[in-house]
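**Student:** Sequence first, then the predicted structure:
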Amino acid sequence: MKKIAFLGLGTMGAGMASNLQKAGHALTVWNRDTKRTASFVKHGASRAATPAEAVSGAEVAFYSLSDDAAVEEVVFGKDGILEGVEKGQIVLNMSTVHPETSLREAKAFAAKDVEFLDTPVFGSKKEAADGKLWVLAGGDKKVFQKVKPLLELLGETVHYMGGHGKGTSMKLVGNLIVAAQLQALGEALTLAVKAGLQPKDVLGVLKVTDFRSPILESTTEALMKRDFSPNFALELMLKDANLISRFAQDLNVPIPASAAARETIKAAVNQGWGPENASALIKNLEQQAGVTIGQPARELADKH
């Protein structure tokens, strides 16, 4: 049993913290909204009043936060993590942030003789709850090996990517592919419906072809039900799309497909769909095409 701190109990953090607690580790939790800590305290966790208090005395501290600004506040701010950590501790950032933020964190923690890994994850609400995320890691490999058993409680697979910042770099690379797939699926389905194809028939093909993928299948099924309940909110995907754009610009890498997806995401968020699932970006494409996926398709001839 290890003494573990977990900070940030949102959609992803709550699932991860729950799996650490179920494994029998002594947990201290912190969240801005203290209501989110109640279920953990009920099952034996301690509640901390500040991030600094949460990490004090912990062997390993995890945090899962919404964006770089939240990391700035929770890690570097008053009563933040850096004020509470001590030599010998290990700190893991599960958040999706810019690699420069990870490098800055690593340097700050190293100054206090604290080990740091950037450990973002792929997956959403269900995978977090089930301990079936896909975990990435950047930092010292010896430190990674020490905490790998804990990461394996959270993920179906765990991947060491290299030095500090490499975990977050890989997360942005992967999220670029996710956004591009959703954009491509939205374009394809709106075209299919406009052409008079039935979405269920399109899904039948997508399930068996050599370009099939779990994202295409699950998203199409949800669209057919008009289900946009959030597993990963569109507004968070916009945050990630902006990070990807900045990251690519820093490295002078062209990402035209990702840029198109980013514009679609921005337009959908501006329509008020930001709190909905990331697949809600497709609503913007539907709107432009004048079709609705999941309702009976009309033959083009009907319009003449």
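**Tutor:** Right, received. Where do you want to start?

**Student:** same for the top strand by length along the chain, what does it pack against?
**Tutor:** For the chain, the longest strand by residue count, based on DSSP state E, is strand 155-162. Packed against strand 155-162, as judged by 3 or more CB pairs under 8 Å, 6 or more residues apart in numbering; DSSP states H and E, are the following elements: strand 133-138, helix 141-151, helix 166-194. Bear in mind the C-beta positions are built from the backbone N, C-alpha and C, glycine included.

**Student:** Among those, which comes closest to L27?
**Tutor:** Closest to L27 of the helices and strands packed on strand 155-162, according to CB to CB: helix 141-151, at 11.8 Å.

**Student:** So what touches that closest one?
**Tutor:** Residues from elsewhere that reach helix 141-151, judged by CB atoms under 8 Å, 6 or more residues apart in numbering: 2, 4, 20, 25, 60, 90, 92, 115-117, 119, 135, 137, 158, 160.

**Student:** and of those residues, the nearest to R212?
**Tutor:** Scanning these for proximity to R212, where the rule is CB to CB, the winner is V135, at 24.6 Å.

**Student:** Let me know how buried the closest one is, in neighbour terms.
**Tutor:** By the other CB atoms under 10 Å criterion, the neighbourhood of V135 contains 25 residues.

**Student:** for N252, same thing?
**Tutor:** As a burial measure, the neighbour count of N252 was computed by other CB under 10 Å and equals 6.

**Student:** Give me the buried stretch members for the longest strand of the chain, please.
**Tutor:** Buried residues in strand 155-162, defined by neighbour count with 16 or more other CB atoms under 10 Å: G155, V158, H159, Y160, M161.

**Student:** Which residues are in contact with the residue lying closest to F232 once chain neighbours are set aside?
**Tutor:** Of all residues not flanking F232 in the chain, S124 sits nearest, at 4.5 Å (CB to CB, 6 or more residues apart in numbering). Applying CB under 8 Å, 6+ apart, one finds that S124 lies in contact with T11, M12, N231, F232.

**Student:** so what pLDDT did S124 get?
**Tutor:** At S124, the model reports a pLDDT of 90.

**Student:** Narrow the contacts of helix 141-151 to those that are buried.
**Tutor:** Members of the contacts of helix 141-151 that pass the buried threshold by neighbour count (16+ other CB under 10 Å) are listed as 2, 4, 20, 25, 60, 90, 92, 115-117, 119, 135, 137, 158, 160.

**Student:** Nearest to E72 among the residues you listed?
**Tutor:** Proximity of those to E72 (CB to CB) peaks at F116, which lies at 15.5 Å.

**Student:** So the closest one, which state does it fall into?
**Tutor:** strand (DSSP: H, G, I helix; E, B strand; the rest coil).

**Student:** Surely it and G139 touch.
**Tutor:** Yes: using CB atoms under 8 Å, F116 makes contact with G139 at a distance of 6.1 Å.

**Student:** Overlap in contacts, the two.
**Tutor:** By the contact definition CB under 8 Å, 6+ apart, F116 and G139 are jointly contacted by A106, H164.

**Student:** Show me what the mean pLDDT comes to for the helix or strand hosting R246.
**Tutor:** Taking DSSP states H and E as the definition, one finds R246 inside helix 234-250. The average pLDDT within helix 234-250 is 97.

**Student:** Pull out the buried positions in whichever helix or strand comes after it.
**Tutor:** Once the chain leaves helix 234-250, the next helix or strand it forms, by DSSP H and E, is helix 256-268. Buried positions in helix 256-268, judged by neighbour count with 16+ other CB under 10 Å: S258, A261, R262, T264, I265, K266, A267, A268.

**Student:** who's in contact with the last one?
**Tutor:** Pointing back at A268 there. With contacts taken as CB under 8 Å, 6+ apart, A268 has the following neighbours: L234, G274, A280, L281, K283, N284.

**Student:** Name the helix or strand for the last one, please.
**Tutor:** When elements are assigned from DSSP H and E, N284 belongs to helix 281-289.

**Student:** does A70 really touch S95, like I thought?
**Tutor:** Yes: taking contact to mean CB under 8 Å, the distance of 7.4 Å between A70 and S95 places them in contact.

**Student:** what do these two both touch?
**Tutor:** By the contact definition CB under 8 Å, 6+ apart, A70 and S95 are jointly contacted by G8.

**Student:** These two: who's more crowded?
**Tutor:** Comparing A70 with S95 by other CB under 10 Å, the one with more neighbours is S95, at 27 against 19.

**Student:** ok, the more buried one - contacts?
**Tutor:** Applying CB under 8 Å, 6+ apart to S95 gives the contacts G8, Y63, S64, L65, S66, D67, A70, V71, P120.
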